[in-house]
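Enquirer: build me a model:
(one chain, ligands or ions: 2)
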Amino acid sequence: MTHHIAVDIGASSGRLVLGQLVDGSLTLAELHRFSNAFTEQEGSCFWDMDYLLNEIINGLQQAKLRGIHECTLGIDTWAVDYVLLDAEGKRISAVYAYRDHRTDGVMEEVGRLLPPEKVYAKTGIQQLPFNTLYQLYAHDREELETADQILLVPDYLYYRLGGRKMNEVTNASTTQLLNLATRDFDPELLEFLGLRREQFAPLTEPGKELGFLSAELVERYDLPECRLICVATHDTASAVLGVPAQKGRASAYLSSGTWSLLGVELDHPLNDRRAMAANYTNEWGANGTYRFLKNIMGLWLIQEMRRLDGERFSFAELAEQAGVCAGFRSLIPCNHPRFLNPDDMIQEIRQACLESSQPVPQTAGELARCIFDSLALSYRSYLSELEDLIGGRIEVLQIVGGGANNRLLCQLTADVTGREVLAGPTESTALGNLAVQMIEAGRMADIHEARRIIGQSFAIQSYLPQPVPQLTELLDRWKQLHPGANIHN
Ligand code: ADP
Ligand code: LRH
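Expert: Numbering: from 1, shown residues only. Ligands and ions are numbered 1, 2, ... in the order given. So this is what the prediction gives:
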């Protein structure tokens, strides 16, 4: 099979991307793109699984129309969210979106029953209020007890397409239920939730074949024959696999989409007290690696601002308008939980500026500028923190994902961090997904070769740092806004 298709679904959009390796060069062709968002029903937030499955089928029909009769297929989505199935494999409840407010205060409540130090020592996973551990704790008891199987979202999509149940490891690690030492679900954490190990499927590593797209679907919708390959199903795991090889200079990645994930790949977990205090995570990667990273609120801020502004402007237009506004006028502590899912993001941003006696951004451009300036400063503070934790200087920041399109944010990030920024590829997640398929198919030797090929096949934009006037004063302002932020030169 020479065709490989990645299904990559983020919190804001999904796509099916065809990857082809010709003469040692990788090309991508987008077969289908669709929007994604959670919806609110009676005050709760849910994802629409049937819509996503429909869009996957639409994308596969596009592949068939392009003359693709056979391919391999891999699926990645955002992390942590889960689907409960009954013994017949039917969903027994709607699929909550991780920003749902039912987990408000739950992390703190669980923390009083289960020492966070113990959980971190076992799992190495950062404290985020929406980790599956907290979501399951907040879930209806009866539904949980009766669930025959608990799959994460991409596991479920594979199951619906091919009929096989599994829990893929890169994504399973974001549940905060996997034990780093035993490399399986932790019995004590499961017991705490009243769950049985059998409610989860066998842990499965990226690169394993999972059978074929069901003959019934192929026939009913006139789809290509697809061999299903388990990829790194956590989108961030795939995004990191798709980061081009960087020779000679120490680099960190910044996967820039709905979230900004800033970190490095390690071959061992770093879950000591300092890492815990700084709330860095050790999510499992493909090939026994760990993503030592920090979740930063990311482009969710601009997505929400744009939505509430009636989508009058595209992301590119918002960046353009922000570019002509005065810089560093109003800053927000963008990683504060108040921005996780406020009733009204624009009001929340304005309120935060008011509370800190800064000018209140009025126009769409001013709001966007406030968001980009604040994100760039947060990247600086977390990069410094990362350097402290790993004990080495980072020379280059590699930005991948949709945010690599934002020239203003890339330049601001270079300026404020004082590091060269290498932006691209924007579709690194689809590339990481495809790399696992191509390695499985024997078309690439390993991930090192994949990253080298990715680096040679896609244009990478360099942003060199430009001096920022009154940087010291700016960093002082940021520090005051963000007590505890570790900013140093
Ligand atoms: P996710 O996978 O989390 O849904 P993506 O990696 O697709 O996110 O990135 C989406 C984000 O990329 C958008 O929210 C937007 O901020 C940014 N983006 C995409 N294209 C552009 C563009 N042309 N200019 C500026 N920003 C862009
Ligand atoms: C990015 C992402 C991130 C998770 C969050 C739930 O899409 O998967 O890595 O922390 O969504």
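Enquirer: residues of this protein that sit close to ligand 2?
Expert: Counting by C-beta under 6 Å from any ligand atom, the chain comes close to ligand 2 at 10-11, 78-80, 98, 234-236, 257-259, 261, 295. Where you see a C-beta, it was placed from the backbone N, CA and C, and this is true even at glycine.
Enquirer: among these, which lie within strands?
Expert: 261, 295 (DSSP state E).
Enquirer: who are the contact partners of residue 234?
Expert: Contacts of residue 234 were listed using C-beta atoms under 8 Å, 6 or more residues apart in numbering, and they are 76, 78-79, 154, 168, 170-171, 173-174, 283.
Enquirer: rebuild these as JSON lines, extending it with secondary structure and pLDDT.
Expert: Shown next, in JSON lines, are those (DSSP: H, G, I helix; E, B strand; the rest coil; pLDDT from 0 to 100):
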{"residue": "76", "secondary structure": "strand", "pLDDT": "99"}
{"residue": "78", "secondary structure": "coil", "pLDDT": "98"}
{"residue": "79", "secondary structure": "coil", "pLDDT": "98"}
{"residue": "154", "secondary structure": "helix", "pLDDT": "98"}
{"residue": "168", "secondary structure": "strand", "pLDDT": "98"}
{"residue": "170", "secondary structure": "helix", "pLDDT": "98"}
{"residue": "171", "secondary structure": "helix", "pLDDT": "98"}
{"residue": "173", "secondary structure": "helix", "pLDDT": "98"}
{"residue": "174", "secondary structure": "helix", "pLDDT": "98"}
{"residue": "283", "secondary structure": "strand", "pLDDT": "98"}
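Enquirer: pLDDT on the helix ranked longest in the chain, on average?
Expert: When the chain is parsed with DSSP state H, its longest helix is helix 364-390. Average pLDDT, helix 364-390: 98.
Enquirer: so what does residue 314 have for phi and psi?
Expert: With angles defined as degrees, to the nearest 10, residue 314 sits at phi -80, psi 170.
Enquirer: who are the contact partners of it?
Expert: Listed by C-beta under 8 Å, 6+ apart, the contact set of residue 314 is empty.
Enquirer: heads up, I number from 607, so please use that
Expert: Will do, 607 is the new start, and the previous item becomes residue 920.
Enquirer: got a pLDDT number for it?
Expert: Reported pLDDT for residue 920: 98.
Enquirer: what residue lies at the spatial centre of the chain?
Expert: Nearest to the mean C-alpha position of the chain, by C-alpha atoms, centre = their mean, lies residue 842 at 4.2 Å.
Enquirer: okay, it: pLDDT?
Expert: pLDDT, residue 842: 98.
Enquirer: re the thing from before, okay, and which of the residues of the chain next to ligand 2 map to helices?
Expert: Reading helices off the residues of the chain next to ligand 2 with DSSP H, I get 841-842.
Enquirer: same list, the residues of the chain next to ligand 2, but as TSV with distance to residue 995 please.
Expert: Listed next are the residues of the chain next to ligand 2 as TSV, based on distance: C-beta to C-beta, whole Å:
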residue	distance to residue 995
616	27
617	27
684	25
685	22
686	23
704	25
840	22
841	24
842	18
863	23
864	25
865	19
867	15
901	15
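Enquirer: quick one: low-confidence ranges for the stretch 657-806 of the chain?
Expert: Along the stretch 657-806 of the chain, the model assigns pLDDT under 70 to no residue.
Enquirer: for the residue in it positioned nearest to ligand 1, phi and psi?
Expert: Residue nearest to ligand 1 within the stretch 657-806 of the chain: residue 684 (6.8 Å; C-beta to the nearest ligand atom). The phi/psi pair for residue 684 (degrees, to the nearest 10) reads phi -60, psi 170.
Enquirer: quick check: it vs residue 1081, distance?
Expert: Separation of residue 684 from residue 1081 (C-beta to C-beta, to the nearest Å) stands at 32 Å.
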